[in-house]
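# from the sequence below, what's the structure:
(2 chains)
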There are 2 protein chains.
Amino acid sequence: MTYELDRHLSLTALGEGRYSGALDGGWSVGGGINGGFQMALAGQAISQHLESKPDPVAVSAYFLSAGTPGPAEVAVDVRREGGRMATVAADLTQDGQTRLTLLATYADLGRFEGEVRTTATEPELPAPEDCAGPEDVPDFVLELAPMMRRFEMRFPVEQTGWVRGEPRGVGHLSAWFRMADGREVDPVALLMVLDALPPVTFDLGMIGWAPTLELTAHVRAKPAPGWLKVQHRTRNFAGGTFEEDCEVWDSTGRLVAQSRQLALAPRTG
Amino acid sequence: MTYELDRHLSLTALGEGRYSGALDGGWSVGGGINGGFQMALAGQAISQHLESKPDPVAVSAYFLSAGTPGPAEVAVDVRREGGRMATVAADLTQDGQTRLTLLATYADLGRFEGEVRTTATEPELPAPEDCAGPEDVPDFVLELAPMMRRFEMRFPVEQTGWVRGEPRGVGHLSAWFRMADGREVDPVALLMVLDALPPVTFDLGMIGWAPTLELTAHVRAKPAPGWLKVQHRTRNFAGGTFEEDCEVWDSTGRLVAQSRQLALAPRTG
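The predicted model follows:
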């Protein structure tokens, strides 16, 4: 296997729905392992387990404890399997401790046909070469989020004020996205992409880790090859929690994934 | 117990996290029992089970088979309980068949304090008396959705074109909402309110039952007494599925609940 993500998502079947793999330390963020990567690892185990229904359609993950670099196991329990879709429960554990528990519906997205009536609008971004990229990421961000080395994200310069202590206060971040080593993003990898950008609270001036309580992802189509556009937005920061909505658009201008997570407000000043 | 909803949500503890109740036929819609009511029944069992953490914060339900009028059982399995929050898995079954399986995080919403920075905007609706109400609902809608007798919903007249075969094609519905018998809506009842309006696909001209695959609800605050405003919107009808986002605002103008569901496109002409 050539690509880093394929190595990091490789699993060994142990039988009876159990798969062993690892949370690679390269996905560290804020002292734990990125939740989106954990979802992708669990999502990959489900994909292998279901075979004829390889693609996530809906995945709801509840995060129970912080993942750490090292071995991990995924246990998949098929709750219902029909002709077109299957619904499973799955747990990702380390040393017997549950990191995340999830419910998911899988199918073959190649069989999802029908008209597209999208009123959502694609993010407008300057050309990638006119955006702030990895070369502009300050050291303190890479220390907080080593996983940012795994991909190339390019942000409109006006959205990067938080890096200089000048957040916009809008609650909106958007970026070009692709894997650093050229691996194309498939439906399982989209589960990671939906949680890859910095927390949208950075744009509100709150620089710190925002622990996810719950993240639900909907994968609506297989992404075409090439650059993706990723957009995060929050509309209701209140009572110590905030929701973060994410959209991923592919290079053909199709909305391929939507997610919403509920996260705890970062503990900062 | 005076109010209908309290009777319909009443449960008998069977021990070991099991609770028996019923899916009342008054919540029928499109040949099954409304998914939101099923979530509220499961949500009520969790609330009773956790005692000191009575309020849903996040609930993700996956619908495996259609509910029918009659006895039902809820089994609650506590996956993690901390000082402030608890996360559970729960199944709602009838005659051993799973109707829905869910994951949920509960807490005491009265303890959620902190600033409110909402950029979401409250739906603007004409005064309730200037909206189309129960007296305007045609018989075919009440036959499709007998549960509409349980509450009073009042829609802006310009959004009711679908009733006359003149849908707007926008993918947006909003309404005033309160229970028909005056019961106030609490956090558990919000789980039902989030799935009470007609499918937003009615506004797209597709009149028919839209089966929910998955619905995730976030309850952000306890609603104040009085009229609620409920808003449904879809932005991506594609490939035979659509997402439906719902917001519930209370009488003080606070956004108290948000949800997103993924549903199958209705089978209509």
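# hmm, who's touching the lowest-mean-pLDDT helix or strand in chain A?
None of the helices or strands of chain A scores lower by mean pLDDT, DSSP states H and E than helix A:139-144, at a mean of 82. With Cβ atoms under 8 Å, 6 or more residues apart in numbering or on different chains as the test, helix A:139-144 has contacts from A:Val29, A:Gly30, A:Met148, A:Arg149, A:Val163, A:Pro198, A:Trp209. Heads up, the C-betas are built off the backbone N, CA and C, glycines and all.
# give the residue spans of chain A that score low on pLDDT.
Low-confidence segments of chain A (pLDDT under 70): A:1, A:268-269.
# which helix runs longest in it?
Secondary structure of chain A per DSSP state H: the longest helix is helix A:35-50.
# do any residues in that one lie close to chain B?
No - shown here: helix A:35-50 not in contact with chain B (Cβ under 8 Å from any Cβ of the partner chain), separated by at least 13.1 Å.
# likewise stretch A:238-252?
Yes - residues of stretch A:238-252 contacting chain B under Cβ under 8 Å from any Cβ: A:Ala238, A:Gly239, A:Gly240, A:Thr241, A:Glu243.
# what about those residues, which are in strands?
Mapping the residues of stretch A:238-252 next to chain B onto strands (DSSP state E) picks out A:Ala238, A:Thr241, A:Glu243.
# what number of residues lie near the residue nearest to the first one when sequence neighbours are not counted?
In this structure, A:Ala238 finds its nearest non-sequential neighbour in B:Val116, 4.1 Å apart by Cβ to Cβ, 6 or more residues apart in numbering or on different chains. A count of nearby residues for B:Val116, using other Cβ atoms under 10 Å in any protein chain shown, gives 12.
# need the contact list for B:Val116.
Contacts for B:Val116 (Cβ under 8 Å, 6+ apart) come out as A:Phe237, A:Ala238, A:Gly239, B:Arg254.
# likewise for A:Arg150?
Residues near A:Arg150 by Cβ under 8 Å, 6+ apart: A:Glu4, A:Leu5, A:Gly26, A:Trp27, A:Met179, A:Ala180.
# try it again at 7 Å.
A:Glu4, A:Gly26, A:Met179, A:Ala180 (Cβ atoms under 7 Å, 6 or more residues apart in numbering or on different chains).
# mind checking which of the residues you listed are in helices?
Using DSSP H, these in helices are A:Glu4.
# quick revisit: buried stuff in the least confident helix or strand of chain A?
Neighbour-count burial for helix A:139-144, counted by 16 or more other Cβ atoms under 10 Å in any protein chain shown, picks out A:Val141, A:Leu144.
# distance from the chain centre to it, please.
Relative to its parent chain, helix A:139-144 has a centroid offset of 19 Å by Cα atoms, centre = their mean, to the nearest Å.
# ok, now stretch A:209-220?
Taking mean C-alpha positions (Cα atoms, centre = their mean), stretch A:209-220 and its chain are 7 Å apart.
# report the buried residues of it.
A:Trp209, A:Ala210, A:Pro211, A:Thr212, A:Leu213, A:Glu214, A:Leu215, A:Thr216, A:Ala217, A:His218, A:Val219, A:Arg220.
# so the residue sitting nearest the centre point of chain A: helix, strand or coil?
Using Cα atoms, centre = their mean, the residue of chain A that lies closest to the mean C-alpha position is A:Met192, 2.7 Å off. Counting by DSSP: H, G, I helix; E, B strand; the rest coil, the backbone at A:Met192 sits in helix.
# same deal with A:Met148?
Assigned state for A:Met148: helix (three-state reduction, three-state DSSP).
# my read: it touches A:Val137, true?
Yes - A:Met148 is within contact range of A:Val137, at 6.3 Å (criterion: Cβ atoms under 7 Å).
# my read: A:His232 touches A:Leu197, true?
Yes - using Cβ under 7 Å, A:His232 makes contact with A:Leu197 at a distance of 5.2 Å.
# surely A:Gly161 meets A:Gly169?
No - assessed by Cβ under 7 Å, A:Gly161 is found out of contact with A:Gly169, at 9.1 Å.
# more neighbours: the two, which one.
A count of neighbours by other Cβ under 10 Å puts A:Gly161 above the other of A:Gly161 and A:Gly169, at 16 against 13.
# now, of the contacts of helix A:139-144, which are buried?
By neighbour count, with 16+ other Cβ under 10 Å, the contacts of helix A:139-144 hold A:Val29, A:Gly30, A:Met148, A:Val163, A:Pro198, A:Trp209 as buried.
# circling back to that earlier point, from B:Ala221, how far out is the residue nearest to A:Ala238?
9 Å (Cβ to Cβ, to the nearest Å).
# okay, and the common contacts of those two?
Shared contacts of B:Val116 and B:Ala221 (Cβ under 7 Å, 6+ apart): A:Ala238.
# near chain B, which residues of the stretch 51-200 of chain A?
The stretch 51-200 of chain A comes close to chain B at residues A:58, A:60, A:62, A:64, A:79-80, A:87, A:89, A:98, A:101, A:103, A:105, A:112-114, A:116-120, A:171, as judged by Cβ under 7 Å from any Cβ of the partner chain.
# out of those, which sit inside strands?
Those of these lying in strands (DSSP E): A:58, A:60, A:62, A:79-80, A:87, A:89, A:98, A:101, A:103, A:105, A:116-118.
# got those residues as a markdown table, with distance to B:Gln44 columns?
Output for these, formatted as a markdown table (distance: Cβ to Cβ, whole Å):
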| residue | distance to B:Gln44 |
| --- | --- |
| A:Ala58 | 24 |
| A:Ser60 | 20 |
| A:Tyr62 | 20 |
| A:Arg79 | 22 |
| A:Arg80 | 24 |
| A:Thr87 | 23 |
| A:Ala89 | 22 |
| A:Thr98 | 25 |
| A:Thr101 | 22 |
| A:Leu103 | 20 |
| A:Thr105 | 25 |
| A:Val116 | 39 |
| A:Arg117 | 37 |
| A:Thr118 | 37 |
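# with that, I have no additional questions.
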